[in-house]
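*Asks:* Quick check, what structure comes out for this input:
(chains A, B and C)
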Amino acid sequence: MPMADVRPFLEALAAANPDPRSELDYTDPYTLLIAVVLSAQTTDAGVNRATRTLFAEAPTPEAMVRLGVEGVGQHIRTLGLWQGKARNVVELSRLLIERHGGEVPRDREALEALPGVGRKTASVVLNVAFGESAMAVDTHIFRLGNRTGLAPGKTPREVEDALVRRIPPDMLRNAHHWLILHGRYVCKARVPECWRCVAAQWCRYPDKTPPPVEKPAKRKSP
DNA sequence: ATCCCGAGGG
DNA sequence: CCCTCTGGAT
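*Replies:* Numbers count the residues shown, from 1 in each chain, chains lettered A, B, ... in the order given. Got it, this is the predicted structure:
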């Protein structure tokens, strides 16, 4: 049975996933754009750290171009795929100046025309920084949408459309973030931890896995 | 060993 | 659809 109303589900996820944007201003489109470009094949902690030190040195597109590929690389060497990302960050910044007066365009086509920016990155920027009705579907959200009944679909695009259609407009902003965190840390691919899921009561997933049996604490053994 | 909060290209 | 680029976490 499909979830009748997605609002309680999303409210529970929102409450369980406090806004992680504390040290960095991810409401700033440029900061967010760079952070998301850096995020592929890496951990969130790594991206946060790299973005923080990078922006301390080059907070604007102009400064980023001046810093150059080598300079950017210094900040992101611990991330996966960092060589390509360093090139993308600099070239993308140059194009922002050349095409958009140094601003991040509020436009999907313009965003996706930038190197290193695909559909998912553009969606996150449009949604989180600009408040547009966009969703990005990765493996976590795809699985969660189908498993929970929130947004069933055979293809990522179908799931995406279902999400944009079903999620109340006032909840769309940041919904991507709540869903992705929930999919990563609770509604996991192999072993979903339903016993600590705040939204289990609205979920149709049949496998309500029990909590792991508490192993006897290891006393000082002989 | 396996999996990523992807994009670009064949 | 497939593959490659890459480092870190588990």
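*Asks:* Minimum distance to DNA strand C, which residue of chain A gives it?
*Replies:* DNA strand C sits closest to A:Gly80 of chain A, with a gap of 2.8 Å, by CB to the nearest atom of the strand. From N, CA and C alone the C-beta is placed, and that goes for glycine too.
*Asks:* Next, the contact list for the closest residue to that residue other than its chain neighbours, please.
*Replies:* Distances taken as CB to CB, 6 or more residues apart in numbering place A:Gln41 nearest to A:Gly80, at 3.7 Å, with adjacent residues excluded. The neighbours of A:Gln41, taking CB atoms under 8 Å, 6 or more residues apart in numbering as the test, are A:79-81.
*Asks:* For A:Gln41, give its distance to A:Leu81.
*Replies:* 6 Å (CB to CB, to the nearest Å).
*Asks:* A:Ala58 now?
*Replies:* Relative to A:Leu81, A:Ala58 is positioned 20 Å away (CB to CB).
*Asks:* and the residue most central in space within chain A, what element?
*Replies:* For chain A, the residue nearest the mean C-alpha position is A:His177 (5.2 Å; CA atoms, centre = their mean). For A:His177, the host element (DSSP states H and E) is helix A:175-185.
*Asks:* How about A:Arg87?
*Replies:* Using DSSP H and E, A:Arg87 maps to helix A:82-100.
*Asks:* CA-only coordinates of that helix in CSV, if you can.
*Replies:* Coordinates of each C-alpha in helix A:82-100 appear next as CSV, following Å, rounded to 0.1, in the frame of the first residue of the first chain:
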residue,chain,number,x,y,z
TRP,A,82,41.1,14.9,-6.9
GLN,A,83,43.0,15.6,-10.1
GLY,A,84,40.0,15.8,-12.3
LYS,A,85,38.1,17.7,-9.6
ALA,A,86,40.9,20.4,-9.3
ARG,A,87,40.7,21.0,-13.1
ASN,A,88,36.9,21.2,-13.0
VAL,A,89,36.9,23.6,-10.0
VAL,A,90,39.2,26.1,-11.7
GLU,A,91,37.7,25.8,-15.2
LEU,A,92,34.2,26.0,-13.8
SER,A,93,35.1,29.1,-11.9
ARG,A,94,36.6,30.7,-15.0
LEU,A,95,33.4,30.0,-16.9
LEU,A,96,31.2,31.5,-14.1
ILE,A,97,33.2,34.7,-14.6
GLU,A,98,33.1,34.5,-18.4
ARG,A,99,29.5,33.6,-18.8
HIS,A,100,27.6,34.6,-15.7
